[in-house]
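Novice: Build me a structure from this.
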Amino acid sequence: MSITLAYGGGGEETNRLINDLFYKYFDNEILTSAEDAAVVELKGKTAFTTDSFTVSPLFFNGGNIGKLAIAGTCNDLSMMGAKPTFLSCGFMIEEGLSFKELEEIVKTMSNELNKVGAKIVCGDTKVVPKGSVDKIFINTSGIGEIQKDNISAHNLEIGDIVLVNGDIGRHGSIVMANRYDVETEATTDCKVLWDEVNALIESGINIKALRDATRGGISAVLNEWVKASDVGIDINEENLPISDEVVGLCEIFGFEPMDLANEGTFIVAVDKNDSEKALEVLKKFNQNANIIGKVTDTKKVVLNSSYGTKRYIELPKGELLPRIC
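Specialist: The predicted structure follows:
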C-alpha cells in the first residue's frame, strides 16, 4: 500500500490517514480535539524553536527521519535549559511513499516523544506529486518550559571549562556510510538529550553555555562561541572522544570528525569549579563524556595536538555533506 494524492485531498482518505495513523501514535486530548489551533497552558519563561528535516536516506543505522525530527527539535529546546512540552509537526509526503515506511517513521516519533513526555498537539499533512519532494520531508516546531535561565553562548569567561557528553562525528559518518552503501555496524548518536541536561541543572552546576553539535559539528559550535563571547577556546586533541568506526569512515571519505554532524552530542561550558562534578554527571549517561578544553583569551579555537603542535580550528567551509538532517 502506498500514499496517493488522495491522502492529501482533505476527504475520506485524508481523514483515514489522520485518524488511523497520526491519532493512533500521537494520541492526546489537545491533538484529537481537531481544532484549527492547539490551546496550551504555559508556565513562566518559554523557549520556542523550529526545524525542517530532509535527511537522505530516510532510514539509517540506529534511526530514521522521524527520530531525527523529534530529537532535533527537543534538543534545541534542551540546549536553552527548557523541558520540551509541546510540538507541532508538518509532513510533506511524496505520492508513492509506502504506508509501511510512513507508519515506521510515525511510530518512531511517538517512541521518542514518550521518552521526554512531550506531545505533538497540532500538525499538517501535504501529499505532493512524484518528484516534488524526495519521499518525505518533516517540519517540527517545539515549545519548552525554561528550567534554568540565562544559558547562552554569550556567557563564556576566561577559565571556564568545556566538556562534551559523548563521542563525536557518529551521525554524519553513519548517514554518509548508509547513503553510499559502505558497510558498518556503528549507529547514529541520535537521541533526545533532555535527561542529561536536566541532570546537570538539578546538580546545581553553573552552566554557562550549551549547544548540540549538529551541522558543522563541534568545530562550528566552538567557533560560534568564540565569536559570541569574544574569547578563545583551547581544545586538547587527545581528549576528544572519537570511535574507531568514525575514524575509519572519515579516512574513507576524507572528512574531519570535528566537522561532522552529531544528533545526540552536545558541548557544555561550565565554571571551572564545577568541571569535575559536571563530568561525573555526564559519565552516568555516557562513559565517553570528557573534558576537552578551556576558555582562553586567544580569540581563536586552538587545537593542541598529541604531538605538541597547535593549529587553528576554523568554521567548516564548503559543502560537507548535504541532507544530513
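Novice: who touches stretch 59-66?
Specialist: Taking contacts as C-beta atoms under 8 Å, 6 or more residues apart in numbering, the residues outside stretch 59-66 that touch it are 53, 55, 58, 101, 104-109, 112, 136, 138, 174-175, 177-178, 184-190, 263. Every residue, glycine included, has its C-beta placed from N, CA and C.
Novice: again, only using 7 Å
Specialist: 53, 55, 58, 104-106, 108-109, 136, 138, 174-175, 178, 184, 186-188, 190 (C-beta atoms under 7 Å, 6 or more residues apart in numbering).
Novice: Check the average confidence over it, would you?
Specialist: Stretch 59-66 carries an average pLDDT of 98.
Novice: go on, stretch 4-13?
Specialist: pLDDT averaged over stretch 4-13 gives 90.
Novice: Return the subset of the contacts of stretch 59-66 lying in strands.
Specialist: Of the contacts of stretch 59-66, the ones assigned to strands by DSSP state E are 53, 136, 138.
Novice: Can you add pLDDT and give these back as a markdown table?
Specialist: Converted to a markdown table, those look like this (pLDDT from 0 to 100):
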| residue | pLDDT |
| --- | --- |
| 53 | 97 |
| 136 | 98 |
| 138 | 98 |
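Novice: For residue 106, give me its contacts.
Specialist: Residue 106 neighbours (C-beta under 7 Å, 6+ apart): 21, 22, 25, 66.
Novice: follow-up on the earlier one: mind checking which of the contacts of stretch 59-66 are buried?
Specialist: 53, 55, 58, 105-106, 108-109, 136, 138, 174-175, 178, 184, 186, 188, 190 (16 or more other C-beta atoms under 10 Å).
Novice: Surely residue 226 touches residue 232?
Specialist: Yes. Between residue 226 and residue 232 there is a contact at 6.1 Å, judged by C-beta atoms under 7 Å.
Novice: Which residues are in contact with each of those two?
Specialist: Joint contacts of residue 226 and residue 232 (C-beta under 7 Å, 6+ apart) are 299, 300.
Novice: pLDDT at residue 32, what is it?
Specialist: We note a pLDDT of 95 for residue 32 in this prediction.
Novice: next one: the one 10 residues further on
Specialist: The pLDDT attached to residue 42 in the predicted structure is 90.
Novice: Please apply the same query to residue 320.
Specialist: 68.
Novice: rewinding a little: so which of the ones in strands among the contacts of stretch 59-66 comes closest to residue 298?
Specialist: residue 53 (36.0 Å; C-beta to C-beta).
Novice: rewinding a little: most neighbours of all the contacts of residue 106, which one?
Specialist: residue 66 (27 neighbours; other C-beta atoms under 10 Å).
Novice: With just CA atoms, put the helix or strand that contains it into CSV.
Specialist: In the assignment (DSSP states H and E), residue 66 maps to helix 65-78. Extracted C-alpha coordinates of helix 65-78, given in CSV (Å, rounded to 0.1, in the frame of the first residue of the first chain):
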residue,chain,number,x,y,z
ILE,A,65,13.9,10.8,9.7
GLY,A,66,11.2,10.7,12.4
LYS,A,67,13.6,10.0,15.3
LEU,A,68,15.7,12.8,13.9
ALA,A,69,12.8,15.3,13.8
ILE,A,70,11.8,14.7,17.4
ALA,A,71,15.3,14.6,18.8
GLY,A,72,16.5,17.6,16.8
THR,A,73,13.7,19.9,18.0
CYS,A,74,13.6,18.6,21.6
ASN,A,75,17.4,19.1,21.7
ASP,A,76,17.3,22.7,20.5
LEU,A,77,14.9,23.4,23.4
SER,A,78,17.0,21.4,25.9
